[in-house]
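Build the 3D model from these lines:
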Amino acid sequence: MVPVRSLWLPILVSAVAVFVISSLLHMLLKYHNDDYLGLPDEAAILDALRPFHIPPGNYMFPRAGGLKEAGTPEFKAKWAAGPVGFVTIVANQAPGMAKELVQWFIYLIVVSIFAAYIAGRALDPGAPYLQVFRFVGATAFIGYCLALWQNTIWYKVRWTTALKQTIDGLIYAAFTAGIFGWLWPM
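Numbers count the residues shown, from 1 in each chain. As a prediction, this is how the structure comes out:
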């Protein structure tokens, strides 16, 4: 068994590596550029929504107040008439990503901590590289990917987007696993 506190170097190095790799994937390859589609006649839709001053949050439309209402003919007619959707409204602030990048880095550390915990409980110091890679890689993959599929199932995020995010997560997990295997204590 290897305690998490003795795995801080691979935790931090893997978080930094994945941070850099994720930045490169998103800035250079640009295969995520079509993850979100633009609205038809965006200006008119934005002009129509602006007077409502919709606060930041996640919204569904049409939305029933409960299962009983969802079963009514009136609600079913609204649903059939459409549009039906989910939308996230964010605060009107100057574009910037500093806060999100800090949160992303913290998330990367958290995934690496869980990977360290699982591998550390299963393996001893001096464990072979491939054993470390297997435990850390599987745990990191779960942390980076599996919850994303729920968004496709429940919130209708396109499967192509989920697949691209899963490929990203597989790459992140492989780098995390490789770094842990390399820096695993003897």
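
Could you pull up the contacting residues of the residue sitting nearest the centre point of the chain?
For the chain, the residue sitting closest to the mean C-alpha position, by CA atoms, centre = their mean, is residue 148 at 5.8 Å. Residues near residue 148 by CB atoms under 8 Å, 6 or more residues apart in numbering: 157, 162, 165, 166, 169. (Each C-beta comes from the backbone N, C-alpha and C, glycine too.)

what's the domain layout of this structure?
Following automatic domain parsing, the chain resolves into domains at 4-32+95-183, 42-89.

Endpoints of the longest one, how far apart?
Across domain 4-32+95-183, the straight-line distance between its terminal residues is 13 Å, by CA to CA, to the nearest Å.

One more: stretch 154-161?
End-to-end for stretch 154-161, by CA to CA: 14 Å.

Let me know the pLDDT of the residue located most distally from the centre of the chain.
Distance from the C-alpha centroid of the chain, by CA atoms, centre = their mean, peaks at residue 73 (36.7 Å). On the pLDDT scale, residue 73 is placed at 97.

cool, residue 149 as well?
The model's pLDDT for residue 149 equals 94.

Residue 26 versus that one, what's the distance?
20 Å (CB to CB, to the nearest Å).

Same question for residue 19.
From residue 19 across to residue 26, the span is 11 Å (CB to CB).

Could you do residue 107 as well?
For residue 107 relative to residue 26 (CB to CB), the value is 15 Å.

And for residue 81?
37 Å.

Same check on residue 16?
16 Å.

quick one: the helices in the protein?
8-24, 42-49, 67-70, 73-81, 98-122, 129-141, 147-155, 159-183 (DSSP state H).

Next, the contact list for residue 73, please.
Residue 73 touches nothing, counting by CB under 8 Å, 6+ apart.

okay, the residue lying closest to residue 75 once chain neighbours are set aside: pLDDT?
Distances taken as CB to CB, 6 or more residues apart in numbering place residue 64 nearest to residue 75, at 5.1 Å, with adjacent residues excluded. Looking at residue 64, its pLDDT stands at 96.

Over to residue 64: give its phi and psi.
Backbone torsions for residue 64, taken as degrees, to the nearest 10, come to phi -90, psi 150.
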